[in-house]
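Enquirer: Task: produce atomic coordinates for the following.
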Amino acid sequence: MIPSSRGPARPLVVVGPTASGKSGVALEVALRRRAAGQPTELISCDSMAVYRGMDIGTATPSARVRAQVPHHLLDVVDPTDEYSVTRFSDDVGTVLADLDARGVDAVLVGGTGLYVRAVTDGLRPPPKYPEVEAQLEAEPDTAILLARLEELDPLAARRIPVGNRRRIVRALEVTIGSGRPFSSAGPGLDVYGPTPFVLVGLDVPREVLSERIRARYAAQLDAGFLDEVRALAELPGGPSRTAREALGYRELLAHLRGECTLDEAIDLAVMRTRRFAVRQVRWFRRDPRIRWFDATEVSSTELAARIHAHWREGAAGRVGA
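Expert: Have a look, this model is predicted:
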């Protein structure tokens with residue numbers, strides 16, 4: 001969604017790994033923009049914050065924060081529903097069109113890499129083929145699946161990182177389900193073309209992230225995280241396939257099923273979340289269009305001021321797309 005020439009500035013996208021503080025910084029940038037007289041609203045690009053009743057574990061902004069700046073794409077579906085990047089692409093397009101029509105600036109914030117690329121590059125993933133996916137997942141040997149993909153779509157096979165079973169299955173699912181090579185759906189995620197968005201990233205040392213992740217889980221437990229997960233487990237049918245994969249939730253659900261102690265669940269959640277943060281950094285670091293800011297050397301207020309200044313320059317067209 002490219003803003004009209006008479007509309008708001010180029011939208012800002014704030015990315016970074018979990019626990020990097022990107023939501024708080026994005027809020028401060030939006031408040032700074034609004035204080036300068038330009039209406040500004042926030043859009044979440046988080047694949048789990050879309051679920052109602054999962055606010056604690058996803059660190060969804062509070063009602064007080066949302067009262068300061070309007071937020072979009074939070075709490076939009078029930079946890080029993082499936083939510084996909086395709087649906088997000090439709091939803092975010094609707095929000096951006098509305099903001100553009102009202103002359104409102106947009107600050108997008110999130111750490112779900114594919115959701116961000118759906119926005120910045122207008123990606124529209126191929127449709128799902130659940131029956132084909134189920135048949136593929138029944139094959140435990142990833143090497144067999146890769147060999148099959150190399151036969152059907154060698155270009156897609158070459159683009160996939162070694163051992164990435166999820167992407168291998170997805171490429172095969174689309175190739176078999178649609179009857180067309182997965183690689184024909186687009187140039188691939190490794191191509192970074194011009195974008196109408198200004199992209200910034202928050203850089204936080206790995207050891208700092210690790211400490212923040214454990215501290216955040218402790219704070220979430222104090223805030224009632226376990227009760228939130230228990231309520232999800234008691235829903236008819238339980239949370240959807242996509243919802244129950246949320247970090248922290250999957251481990252606490254295992255605890256509630258009696259598969260591990262609470263301490264073991266949290267230790268596992270911390271470990272998995274740290275690994276996820278590393279993957280997030282690797283994903284975003286591949287995008288040369290992102291301007292990185294050290295999120296630990298200055299206060300959040302000063303960081304927001306620097307990002308806002310960069311946004312102003314980018315909105316005026318002085319920052320390369």
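Enquirer: Setting aside sequence neighbours, what's the nearest residue to the residue positioned nearest the centre of the chain?
Expert: Nearest to the mean C-alpha position of the chain, counting by C-alpha atoms, centre = their mean, stands Thr112 at 1.6 Å. The shortest distance from Thr112 to any non-neighbouring residue, by C-beta to C-beta, 6 or more residues apart in numbering, is to Ser47 (4.2 Å). All C-beta spots, glycine's among them, are computed from the backbone N, C-alpha and C.
Enquirer: Next, the residue lying closest to Gly314 once chain neighbours are set aside: phi, psi?
Expert: Closest residue in space to Gly314, ignoring its immediate chain neighbours: Val198 at 3.6 Å, by C-beta to C-beta, 6+ apart. Per-residue torsions, Val198: phi -100, psi 120 (degrees, to the nearest 10).
Enquirer: I'd say the residue nearest to the centre of the chain and Cys45 touch.
Expert: Yes. Contact criterion C-beta atoms under 8 Å: Thr112 and Cys45 qualify, at 5.8 Å.
Enquirer: wait, what's in contact with Pro79?
Expert: Residues in contact with Pro79 (C-beta atoms under 8 Å, 6 or more residues apart in numbering) are Tyr51, Arg52, Gly53, Met54, Leu232, Leu235, Pro239, Ser240, Ala243.
Enquirer: now these: which count as buried?
Expert: Buried by 16 or more other C-beta atoms under 10 Å: Tyr51, Gly53, Met54, Leu232, Pro239, Ser240, Ala243, out of the contacts of Pro79.
Enquirer: Switch those residues over to JSON lines; also include distance to Val116, secondary structure and pLDDT.
Expert: Output for those, formatted as JSON lines (distance: C-beta to C-beta, whole Å; DSSP: H, G, I helix; E, B strand; the rest coil; pLDDT from 0 to 100):
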{"residue": "Tyr51", "distance to Val116": "18", "secondary structure": "strand", "pLDDT": "96"}
{"residue": "Gly53", "distance to Val116": "24", "secondary structure": "coil", "pLDDT": "95"}
{"residue": "Met54", "distance to Val116": "20", "secondary structure": "coil", "pLDDT": "96"}
{"residue": "Leu232", "distance to Val116": "26", "secondary structure": "helix", "pLDDT": "95"}
{"residue": "Pro239", "distance to Val116": "24", "secondary structure": "coil", "pLDDT": "93"}
{"residue": "Ser240", "distance to Val116": "22", "secondary structure": "coil", "pLDDT": "93"}
{"residue": "Ala243", "distance to Val116": "20", "secondary structure": "helix", "pLDDT": "92"}
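Enquirer: And the helices in the stretch 151-300 of the chain, which stretches?
Expert: 154-159, 165-178, 206-222, 225-233, 249-256, 262-285, 300-315 (DSSP state H, counting those that start in this stretch).
Enquirer: Need the residues that contact the longest one.
Expert: By C-beta under 8 Å, 6+ apart, the list of residues contacting helix 262-285 from outside reads 15-19, 111, 113, 116, 201, 206, 209-210, 213-214, 217, 221, 226, 247-248, 251-252, 254-255, 260, 290.
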